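Enquirer: Just the structure for this:
(chains A, B, C, D and E, ligands or ions: 4)
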Amino acid sequence: MTAVVPETATPLVRLTDAGKNYGNIIALRGVTLEVSGGEVTCVLGDNGAGKSTLIKIIAGLHEHTSGSYEVEGEAVHFSSPREALDHGIATVYQDLAVVPLMPVWRNFFLGNEVRKGLRMDIGFMRETTKKELLDMGIDLRDVDQPIGTLSGGERQCVAISRAVYFGAKVLILDEPTAALGVKQSGVVLRYILQARERGLGVIFITHNPHHAYPVGDRFLLLKRGQSIGYYRKSEISRDELTALMAGGAELEELSHELESAGGASADAAKILGEEVHDLGIDRVSTKEAP
Amino acid sequence: MTAVVPETATPLVRLTDAGKNYGNIIALRGVTLEVSGGEVTCVLGDNGAGKSTLIKIIAGLHEHTSGSYEVEGEAVHFSSPREALDHGIATVYQDLAVVPLMPVWRNFFLGNEVRKGLRMDIGFMRETTKKELLDMGIDLRDVDQPIGTLSGGERQCVAISRAVYFGAKVLILDEPTAALGVKQSGVVLRYILQARERGLGVIFITHNPHHAYPVGDRFLLLKRGQSIGYYRKSEISRDELTALMAGGAELEELSHELESAGGASADAAKILGEEVHDLGIDRVSTKEAP
Amino acid sequence: MSSTLETRPGPPPPAASDERVARQSPLSRLLARPEVGALVGAILIYIVFFIVAPPFRQPESLSSVLYVSSTFGIMAVAVALLMIGGEFDLSAGVAVTSSALFASMFAYQFTLNLWVGVAAALVFALLVGFINGYLVVKTGIPSFLVTLGTFFMLRGLNLALTKAVTGNVATNDVSNMDGFDSAQKVFASSFTIGNVSIRITLLWWILFVAIGTWLLLRTRLGNWIFAVGGSAPSSRAVGVPVNKVKIGLFMGVGFLAWFMGMHNLFAFNTVQSGGGLGNEFIYIVAAVVGGCLLTGGYGSVIGAAIGAFIFGMTNLGIVYAGWDPDWFYFFLGALLLGAILLNSFVRKRAEAMR
Amino acid sequence: MSSTLETRPGPPPPAASDERVARQSPLSRLLARPEVGALVGAILIYIVFFIVAPPFRQPESLSSVLYVSSTFGIMAVAVALLMIGGEFDLSAGVAVTSSALFASMFAYQFTLNLWVGVAAALVFALLVGFINGYLVVKTGIPSFLVTLGTFFMLRGLNLALTKAVTGNVATNDVSNMDGFDSAQKVFASSFTIGNVSIRITLLWWILFVAIGTWLLLRTRLGNWIFAVGGSAPSSRAVGVPVNKVKIGLFMGVGFLAWFMGMHNLFAFNTVQSGGGLGNEFIYIVAAVVGGCLLTGGYGSVIGAAIGAFIFGMTNLGIVYAGWDPDWFYFFLGALLLGAILLNSFVRKRAEAMR
Amino acid sequence: SSSGGKEAEENAEGLSGGKAGTPTMTVAMVTHAAPGDTFWDIIKKGAQSAASKDNVDLKYSADPSSANQATLIQSAIDSKVDGIAVTLPDPPALVPVVKKAIAAGIPVIAFNAGITSFEDSGALAYFGSDESVAGETAGARAAQDGAKHVLCVVQEQGQVQLEARCDGVQKGFGGGQYDKIYVNGRDMPSVQTTIATKLQQDKTIDMIVTLGAPFALASIQAVKDTGSQAKVATFDFNPQIPEQIKSGALQWAIDQQPFLQGYSAVDGLWLYKNNGNVLGGGKATLTGPYLVDKNNVDFVAKFAAAGNR
Ligand SMILES: Nc1ncnc2c1ncn2[C@@H]1O[C@H](COP(=O)(O)OP(=O)(O)OP(=O)(O)O)[C@@H](O)[C@H]1O
Ligand SMILES: Nc1ncnc2c1ncn2[C@@H]1O[C@H](COP(=O)(O)OP(=O)(O)OP(=O)(O)O)[C@@H](O)[C@H]1O
Ligand SMILES: [Mg+2]
Ligand SMILES: [Mg+2]
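Expert: Ligands and ions are numbered 1, 2, ... in the order given. All right, here's what the predicted structure looks like:
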């Protein structure tokens, strides 16, 4: 199912040895990444590993402080997200980048307003917003509601459908499914596959290996700001991936430790055991993804 | 494993037929819920179903506009979260309730500052913050960092460990694991079990049936602001629960529909199929939770 | 209490009428608009003065009130847009005077047609706006501080340059110079409807409010203004050219300051170098009374116009009513506070009702 | 490009030195504090005047500068705390005059010991603060508007009541009344160190800044002040008594307004009813120059003190330098802007360096 | 309550000798005063005195900005008053609206400011002093007192009349050394310190001329603080001034008799309406400068104490 592009084609996005400091805080260093068209790259890692920092560099929100960044073979130093957008790179940020006081439809089209002459085509924008959200399974009461009054998941859906609607070459999704219901998550996975099919490069960040493995073609694992592995799908199984994501060894240790205590700890150990089991760490069978 | 409390005991929290309007928007209506000590109640439902609204009523952040709310048998109308906190109800909000410009430790102890005489015991608070977060698997560089500079998951962990640290009788968690890594999610589940063991009532909101079923004793399902089911664990299996959460029928329909189209849609259909499978909808075997 | 597994029937699928939305009367929907609270306040104050001040009832009085309101209200248009865009301009009041001084002295000293001075002043005013905006976006210093600096500097320049050039604290009379008559027609004439003389600034005010409202609600730029004020980082993240929008808004203030400067020049023929001081404050008050948030991202141009009207009406109404002038500011404060309280009360009602 | 499955060795476990943190020089850590930028600005302006204005070098001059700075700076302590708590008080300037008028007229009219007037004025000032705070928290109207209303009302009351009570626009001389000498000792005396006479307000200023800083950084209340200013809804959600804190901050402003009112009364024996106007602005400027955010949640009391010092020093420095008074405001603006730009430059440097 | 009593007392204080039997007329007085200023308060008292004597309904309003003052005059025209008393600090801005009033059949009397242009405007009369002349008088007196270096203290920057006074001082003072500073008249501590600062900066200053009474008191304090030898003199009066002159702390005060200006303006309109009289016959009537020093202070003191000088 993975439509692997020949190595020789110029990747849409290539980061080489990129790093980023916030003042004296080193959030990221020496990370290398390639995204080609028709390919989904999953960025995985613990909390605070530097995933969002990485995609903010690609999205033009932050400038990298070391290394290089190329888009379609050409070295770039984006000083604003506008430039990234002009290169066809659309992003869903983890902290969403919505303007709470503005109506939903204005947020949806913000920066990409559709115009008829000088005026905005408000009717079209409102309908499109309503429709795109309905496609994600979000039935809004009123697209004129300030977006700040939507539920967390609803807001997330607005940000996702916006990026999908405007994404031209590269689509970046930072934990898009975090706040989503089961159905909406399914729709997002479908969107990712559709984007890949259309030849877009997709960067997908998630903590859920069940989401990452089926759709991903390559996997970048980060830990404490550094890369701890960069794999093609063919080089890694789902269970190995989940084990890496979870820091499996530590988890199992915790589980054993708890089991030796009694009461609630024992209960917790059971749960953890199941968790570990779910993650496929203790499974031998390497169930391949579809 | 479920420590069922006798029906006769006064529940810690009881909502009867509660509803909430935001202006002309009906976010919740006719919801009934009981939380007893030593019991975990899971609130499940789609995006925008009204879960956060429900817990905001219990936490005293919003007043219910209809129905009644009792704490330990006594009718209450909280006009501020302070009152709920004074009844021992601690909450992790989905939108976190942190003050971005303030250092991590000040946020951790906000509203519950530890004092030595008139002064705050800053040393103790900083150490405690560092330690509690380390227990969750978050190793902060500096607890004096403004919390706004933490990653999404790190911030979430601060909010959770704070609630766990101060929760006295009831602990409310609104999608606590949404932004968390696999390891941190495991820790949160352990916390929930520990709290139950200590006799606290826990209300747990999540979109992940793998997280909900193992720890929950009761399950409240919401849809479009209304209750569509309220079950004890003994009355429902994991698969039934997941099916209800996902609106399983709709999902499978979507999957079939896609399969009949070609290309990416077919791919997407496969994924969706797997998704549906994961949710246990097409499985016959009813694997009971530990 | 616990039900069985068979699920209760789910809510009906989304239809034209959504079961999650309560019915809302058209009145309450109207009352929820940002400017309506201010409007209710304005009407109430109007009624008060109509009752207590007989001279206030004459059409001429309304014309005077509208004139005064327009002199605040025209600037309030630009100031409101700037505030919706999340910034302040404390130099707005003196910039009016600076423009007038500049036009007058430029034309006078070089003995040019006044229109040349008018054009030069426009360039100057836009430049001041640009510098304000540029400093704000490039340094990230709050606009409150930056424009405070330019406020002091312009204030000093107004006096010092006027004294250096003319030897006095006011400019020379320009009413005999070329181009005065035509410029006065444009900026400071009046015309008569029935018996009532109406100032042309009123028409300009209506025009600017209309343009401002249209810009804000119907154009892409308006969308951007709301966005940069509501959350500049988020706007930047989705590609809004935040800096350009903000600089543009400061230049908009410069433009209208120029316009008001020209009005002052051609209405009064000379310009006092100390004028305009403190007016920046009145513009902000008009905008805020009219529903603009100080923190940006919310407000309306029509609201600012109503705010200016409330301020102008209260100012003159107290005089028409012949109330003890010692108590002037007390009444002014009480009426303003009353209007604001009423405004917030009406909005809360509206929200509860809908 | 793609590595094999065997994972590279993970980073070492957290130790005393964290590999994710770059080394930071103590200097750059110092420069990152909110007030240090303002301090650098203050030092620079000091040096400028030290060079250009010989009389500025005398110790007496510093004493004068410190006195003027203290008259702004004492109020700036409360105003800064209020701003960190996310609110404004535009009535702060006239409230000073109101307190002084109240104390003076109360004692005079009833021929009481002045200390009775002083105490009554304290109650009055706290009440004004309470009303401001109460209206703000109960109605949800921005404090900018509420205190604008009370500003106008107090301004009107000052004049109208003074005229009604004394028949004049200033109060009667209180220097012959009971309690004057002791009150003057407390509020408006001076003492000599070496040859230089120093005003007692300087000591009070230091005391209030120390208390304010301690409150803000070391106590629970300080935590709450930062929190309600940084995000009132979040603070409310975790149980901070937001309303009480805000009302308290307004009362703090009232308290120091009372103090400054007493200083003015006992330093000048009479009070002009039109005084104090416009000073609210200077207090806010001092706070903002000193690093307080207008939007709340960030700032420092020491910074506000430095801001007041910059303002006082610039004001008098221009006079010491004997610069053309017509250009006074131009220089004031230029120096302020310069100090602010330097401030932001220093901070950016500091952030890049660390 | 007590405020009522005070009000009654205030009315009794007025200098009304009786009350005219003429029908009530309405007079609008529009000035460029900033509220709360001592000087303008005395003008108002004069106007009120005349009003209560002449059975006039006085409508007083004021705004320092000439544009706003013009609007206030316009609103007096709108109110169809029987007469307008007006100050003309900024003639080009105000003359047109005064002409409008006259065209509407409302008699206008100018006072306090506008000596050079009241005739153009068509106003009946002018009561006031000439700021330049007053300034020159002060300057000449300072020279006569033996001053070598005069400092003129302006409490409001860019105010035409105040500037004219200072310019007059400089002119009258002749060739001596002359300086000017601006102070923030709303903030006494800063007024006092700024003056003290100027005294420290230039120790040769030996005479301070302030343009308002409260600032004279602040100057006296500043002189004390700095140990300077400078003498202090002032324009205008307030109840504390006579004592200072008596004690020698203040050299002299130039009074332009504001009470008289307000009184005459209102009384002039009443006379014009009821008997067709115009005081001065269309020429300016000067109310000052009236110089008060040690020699005549005792006579003026008791009126000043009542707040009427
Ligand atoms: N302040 C508000 N004003 C108006 N409508 C609101 C407000 N808050 C929430 N709503 C609406 O109420 C509904 C329920 O919101 P709620 O946040 O409770 O959903 P939720 O179940 O928590 O969803 P999610 O899983 O996405 O967090 C949503 O449709 C939302 O648009
Ligand atoms: N603006 C900032 N200033 C200082 N430090 C920051 C800033 N933004 C992020 N960091 C730090 O950089 C590290 C990486 O943050 P980042 O947001 O990239 O993590 P993440 O991998 O996205 O984590 P999560 O899964 O929790 O979202 C974190 O430790 C965070 O504390
Ligand atoms: Mg992240
Ligand atoms: Mg929610």
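Enquirer: can you give me the helices for the chain?
Expert: No chain specified, so I'll use chain A. A:51-58, A:81-86, A:104-108, A:122-135, A:152-166, A:182-197, A:209-215, A:238-246, A:248-260, A:263-278 (DSSP state H).
Enquirer: Chain E is the one I meant
Expert: According to DSSP H, the helices that chain E contains are E:2-13, E:38-54, E:66-78, E:91-103, E:118-121, E:131-144, E:160-173, E:188-201, E:213-226, E:241-247, E:258-275, E:297-305.
Enquirer: returning to that earlier point: okay, the helices of chain A in JSON lines with mean neighbour count next?
Expert: Where C-beta positions appear, they are placed from N, C-alpha and C, glycine not excepted. Conversion of the helices of chain A to JSON lines gives the following (neighbours: other CB atoms under 10 Å in any protein chain shown):
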{"stretch": "helix A:51-58", "mean neighbour count": "25"}
{"stretch": "helix A:81-86", "mean neighbour count": "20"}
{"stretch": "helix A:104-108", "mean neighbour count": "27"}
{"stretch": "helix A:122-135", "mean neighbour count": "17"}
{"stretch": "helix A:152-166", "mean neighbour count": "23"}
{"stretch": "helix A:182-197", "mean neighbour count": "24"}
{"stretch": "helix A:209-215", "mean neighbour count": "24"}
{"stretch": "helix A:238-246", "mean neighbour count": "23"}
{"stretch": "helix A:248-260", "mean neighbour count": "16"}
{"stretch": "helix A:263-278", "mean neighbour count": "19"}
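Enquirer: The helices of chain E: which one's closest to residue D:210?
Expert: helix E:188-201 (22.0 Å; CB to CB).
Enquirer: Which elements pack onto that closest one?
Expert: helix D:59-84, helix D:242-268, helix D:301-321, strand E:149-154, strand E:177-182, helix E:213-226 (3 or more CB pairs under 8 Å, 6 or more residues apart in numbering or on different chains; DSSP states H and E).
Enquirer: what does the stretch 151-300 of chain C put close to chain A?
Expert: Residues of the stretch 151-300 of chain C found near chain A (CB under 8 Å from any CB of the partner chain) are C:218-220, C:223-224, C:226-227, C:230-231, C:233-241, C:293, C:297-298.
Enquirer: So which of those residues reach chain B?
Expert: Counting by CB under 8 Å from any CB, no member of those reaches chain B.
Enquirer: Just the buried ones among these, please.
Expert: For those, a burial check counting by 16 or more other CB atoms under 10 Å in any protein chain shown picks out C:219-220, C:223-224, C:226-227, C:230-231, C:234-241, C:293, C:297-298.
Enquirer: Which ones among those residues map onto helices?
Expert: C:220, C:223, C:224, C:226, C:227, C:230, C:234, C:235, C:236, C:237.
Enquirer: Contact partners for the third one?
Expert: Same thing as residue C:224. A:110, A:111, C:235, C:240, C:241, C:245 (CB atoms under 8 Å, 6 or more residues apart in numbering or on different chains).
Enquirer: I'd guessed residue C:129 sits against residue C:254; true?
Expert: Yes: between residue C:129 and residue C:254 a contact is recorded at 2.7 Å, counting by CB atoms under 8 Å.
Enquirer: what residues are shared contacts of the two?
Expert: residue C:95.
Enquirer: Stretch C:219-239 near ligand 2 anywhere?
Expert: No: judged by CB under 6 Å from any ligand atom, stretch C:219-239 stays clear of ligand 2, getting no closer than 10.9 Å.
Enquirer: Tell me how many other residues crowd residue C:193.
Expert: 9 (other CB atoms under 10 Å in any protein chain shown).
Enquirer: Let me see the backbone angles for it.
Expert: Dihedral angles of residue C:193 (phi, psi; degrees, to the nearest 10) stand at phi -120, psi 120.
Enquirer: who does it bridge with?
Expert: With beta bridges defined as DSSP bridges, residue C:193 has these partners: residue C:196.
Enquirer: quick one: pLDDT of it?
Expert: Per-residue pLDDT puts residue C:193 at 86.
Enquirer: could you check the distance from it over to chain E?
Expert: As judged by CB to the nearest CB, to the nearest Å, residue C:193 and chain E stand 15 Å apart.
Enquirer: go on, residue A:164?
Expert: 56 Å.
Enquirer: Distance check, that residue against ligand 3.
Expert: According to CB to the ion, to the nearest Å, residue A:164 stands 20 Å off from ligand 3.
Enquirer: Residue C:327 too?
Expert: Residue C:327 is 60 Å from ligand 3, by CB to the ion.
Enquirer: if I pick the closest residue to that residue other than its chain neighbours, what's in contact with it?
Expert: Of all residues not flanking residue C:327 in the chain, residue D:160 sits nearest, at 4.6 Å (CB to CB, 6 or more residues apart in numbering or on different chains). Residues near residue D:160 by CB under 8 Å, 6+ apart: C:324, C:326, C:327, C:330.
Enquirer: What residues of the host helix or strand of the last one count as buried?
Expert: If you go by DSSP states H and E, residue C:330 is part of helix C:328-353. By neighbour count on 16+ other CB under 10 Å, the buried set for helix C:328-353 is C:328-344, C:346-347, C:350.
Enquirer: and if you look at stretch C:127-145?
Expert: C:128-129, C:131-137, C:139, C:141-145.
Enquirer: show me which of those residues neighbour chain B.
Expert: Filtered for proximity to chain B (CB under 8 Å from any CB), the buried residues of stretch C:127-145 leave an empty set.
Enquirer: and which of these is nearest to ligand 3?
Expert: Among the buried residues of stretch C:127-145, residue C:137 lies closest to ligand 3 (CB to the ion), at 27.7 Å.
Enquirer: And the closest one, how close does it get to ligand 1?
Expert: 32 Å (CB to the nearest ligand atom, to the nearest Å).
Enquirer: hang on, that residue in a strand?
Expert: No: secondary structure of residue C:137 (DSSP: H, G, I helix; E, B strand; the rest coil): helix, not part of a strand.
Enquirer: so what's it up against?
Expert: Residue C:137 touches C:242, C:243, C:246, C:247, counting by CB under 8 Å, 6+ apart.
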